[in-house]
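Participant: I need the structure of the sequence given here:
(one chain, ligands or ions: 1)
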Amino acid sequence: MNPYHLAKPLLFSFPPETAHRTIHGLLATARGTPVEPLLERRYRVNDSRLATNAFGLDFPNPVGVAAGFDKNAEIPTVLSALGFGHVEVGGVTAEPQPGNPRPRMFRLPEDEALINRMGLNNEGADAVGERLAAGPLPDIPVGVNLALSEVTPAEEAPDDYRYTYERVADGADYFVVNVSCPNSEGFRDLQNRDSLEAILGTLVDAGADPLLVKLSPDLPDPAVEDALEVVDELGLDGIIASNTTTSRPDTLRNPNRAERGGLSGKPIEAEATNMIRFIAERTDVPVVGVGGVSDAESAYRKIRAGAEMVQLYTGMVYEGPSIARDINRGLLDLLDRDGFDDVADAVGSGL
Ligand SMILES: Cc1cc2nc3c(=O)[nH]c(=O)nc-3n(C[C@H](O)[C@H](O)[C@H](O)COP(=O)(O)O)c2cc1C
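Facilitator: A predicted model of the protein is given here:
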């Protein structure tokens with residue numbers, strides 16, 4: 001049995017944000033200590049069949065940490081030691097901001113889901129930029145998820161994103177324009193064509209490379225197609241699909257389904273995978289698949305639908321710190337079963 005499942009009842013007796021801070025704090029104590037190499041030995045799966053290359057970067061395996069888990073870039077080396085193939089830190093905004101009042105994160109255990117309305121709480125671009133610059137940084141790619149400060153009006157969004165980009169640029173390997181968090185008023189409206197062109201164009205001019213955009217699963221198909229056109233026009237390097245959803249599938253059982261915020265985890269798995277397929281059918285730009293990845297099968301479904309790699313957040317809450325190792329091992333078995341040489345060989349094979 002996974003020892004995390006023994007600890008889970010205790011952990012789940014605390015409010016979710018407290019549990020997250022406890023786990024995050026515990027992981028932070030390992031940073032830069034001899035515990036890191038011990039974790040590496042236990043959790044890393046070294047196999048060249050898992051290695052992928054996307055947007056000019058080499059990834060040792062296709063399982064990454066999604067934005068929101070390490071908002072202030074405090075533990076990328078520890079997450080690397082836990083066997084992840086990349087870490088996306090942030091969302092980072094130009095201004096430090098406290099986020100929404102608590103409670104703002106809710107478990108739906110029967111549904112293996114979370115609802116959050118954190119509201120992009122983070123220490124701000126200056127602090128996160130300094131932390132990244134001070135290092136140490138892991139030997140896997142680190143991305144920064146860039147978001148809009150709450151106090152900044154939409155017309156000034158391009159400069160706000162550029163400010164953050166410039167503060168974090170030296171410490172990161174790739175950059176993601178997040179215009180898809182559902183928890184800040186009007187934020188997702190930035191996914192309209194004109195706003196996207198203005199924000200992404202400004203970042204391209206500022207030298208952000210590789211540059212990706214993260215989309216909402218709630219975007220109607222024509223709006224996704226518009227976004228893909230902007231991605232093509234500006235020569236962007238990748239698309240992350242997807243963020244959390246404000247929709248509430250009928251299948252949800254836990255009463256917390258009534259909470260406002262973005263739903264993540266198992267109930268969004270199929271929808272997110274459909275979005276990956278929709279995008280992969282329309283563009284050759286690499287897609288990073290996120291949403292409800294909790295085991296090797298769910299990661300594999302996203303890869304076969306066209307994702308070059310996957311990310312996860314909620315899966316870690318329900319499966320614990322061995323999740324990257326377990327998925328990577330399981331992926332090797334699935335590749336063997338289906339006769340693929342490596343992960344890259346399986347990408348889009350289910351289209
Ligand atoms: C508590 C929490 C905070 C999050 N914060 C961010 C964020 O700051 N920026 C972002 O782009 N996505 C954020 N996300 C969304 C995740 O990165 C991911 O897209 C989403 O949760 C779906 O993946 P999952 O089902 O594996 O959790 C957050 C998710 C959670 C649960």
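
Participant: tally of neighbours for Ser13?
Facilitator: Neighbourhood size, Ser13 [other C-beta atoms under 10 Å]: 9. Heads up, the C-betas are built off the backbone N, CA and C, glycines and all.

Participant: Look through this protein and state the residue closest to the ligand.
Facilitator: Residue nearest to the ligand within the chain: Gly68 (2.3 Å; C-beta to the nearest ligand atom).

Participant: What distance do you get for that residue to Arg325?
Facilitator: Separation of Gly68 from Arg325 (C-beta to C-beta, to the nearest Å): 21 Å.

Participant: ok, now Arg107?
Facilitator: Between Arg107 and Arg325 the computed distance is 24 Å (C-beta to C-beta).

Participant: how many neighbours does Thr22 have?
Facilitator: Counted with other C-beta under 10 Å, Thr22 comes out at 12.

Participant: residues touching it, list them.
Facilitator: By C-beta atoms under 8 Å, 6 or more residues apart in numbering, the contact set of Thr22 is 11, 14.

Participant: Any regions of this structure where pLDDT drops low?
Facilitator: By pLDDT under 70, the chain has no low-scoring segment.

Participant: Up against the ligand, what does it have?
Facilitator: The chain comes close to the ligand at residues 66-68, 90-91, 105, 114, 116, 118, 120, 145, 178, 181, 214, 243-244, 264-265, 268, 290-293, 312-315, as judged by C-beta under 6 Å from any ligand atom.

Participant: From the residues you listed, which land in helices?
Facilitator: 314-315 (DSSP state H).

Participant: Out of the residues of the chain next to the ligand, name the ones that lie in strands.
Facilitator: 90-91, 105, 114, 116, 145, 178, 214, 264-265, 290, 312 (DSSP state E).

Participant: Could you save the residues you listed as JSON lines and add columns showing neighbour count?
Facilitator: Output for these, formatted as JSON lines (neighbours: other C-beta atoms under 10 Å):
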{"residue": "Gly90", "neighbour count": "27"}
{"residue": "Gly91", "neighbour count": "24"}
{"residue": "Met105", "neighbour count": "22"}
{"residue": "Leu114", "neighbour count": "24"}
{"residue": "Asn116", "neighbour count": "27"}
{"residue": "Asn145", "neighbour count": "26"}
{"residue": "Asn178", "neighbour count": "28"}
{"residue": "Lys214", "neighbour count": "27"}
{"residue": "Ser264", "neighbour count": "29"}
{"residue": "Gly265", "neighbour count": "24"}
{"residue": "Val290", "neighbour count": "30"}
{"residue": "Leu312", "neighbour count": "28"}
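
Participant: ok, of those residues, which one's closest to Asp284?
Facilitator: Lys214 (18.5 Å; C-beta to C-beta).

Participant: Disregarding flanking residues, what is the spatial nearest neighbour of that closest one?
Facilitator: Ile240 (3.9 Å; C-beta to C-beta, 6 or more residues apart in numbering).

Participant: Can you get me a residue count around that neighbour?
Facilitator: By other C-beta under 10 Å, the burial measure for Ile240, its neighbour count, is 28.

Participant: and if you look at Glu233?
Facilitator: Per other C-beta under 10 Å, the neighbour tally for Glu233 reads 13.

Participant: which residues touch it?
Facilitator: Per C-beta under 8 Å, 6+ apart, neighbours of Glu233: Glu197.

Participant: If you count neighbours, what's buried in the helix or strand harbouring it?
Facilitator: Secondary structure from DSSP states H and E places Glu233 in helix 221-234. By neighbour count on 16 or more other C-beta atoms under 10 Å, the buried set for helix 221-234 is 223-224, 226-228, 230-231, 234.

Participant: Name the nearest of these relative to Ala134.
Facilitator: The closest of the buried residues of helix 221-234 to Ala134 turns out to be Leu234 (C-beta to C-beta; 31.9 Å).

Participant: contacting residues around that closest one?
Facilitator: 197, 200-201, 204.

Participant: Now secondary structure too, for these, in a markdown table please.
Facilitator: Shown next, in a markdown table, are the contacts of Leu234 (DSSP: H, G, I helix; E, B strand; the rest coil):
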| residue | secondary structure |
| --- | --- |
| Glu197 | helix |
| Leu200 | helix |
| Gly201 | helix |
| Val204 | helix |
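
Participant: Restricted to buried residues, select those residues in PyMOL.
Facilitator: Remark: buried members of these, expressed as a PyMOL selection using 16+ other C-beta under 10 Å:
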select buried, resi 197+200
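
Participant: Out of the contacts of Leu234, which two sit at the greatest distance?
Facilitator: Farthest pair in the contacts of Leu234 (C-beta to C-beta) is Glu197 and Val204. Separation: 10.2 Å.

Participant: residue contacts, the closest residue in space to Gln311 that isn't next to it in sequence?
Facilitator: What sits nearest to Gln311 in space, not counting adjacent residues and going by C-beta to C-beta, 6+ apart, is Ala66, at 3.9 Å. Residues in contact with Ala66 (C-beta under 8 Å, 6+ apart) are 88, 290, 311-313.

Participant: Farthest-apart pair in these, please.
Facilitator: Glu88 and Leu312 (10.8 Å).

Participant: ok, Gly68 and Arg325, which is more surrounded?
Facilitator: More crowded of Gly68 and Arg325, by other C-beta under 10 Å: Gly68, with 26 against 18.

Participant: If you drop the residues flanking it in sequence, what lies closest to the more buried one?
Facilitator: Tyr313 (5.6 Å).

Participant: repeat for Asp209
Facilitator: Asp237 (7.1 Å).

Participant: I figured Val310 hits Ser294, correct?
Facilitator: No: if you go by C-beta atoms under 8 Å, Val310 and Ser294 don't touch, sitting 10.6 Å apart.
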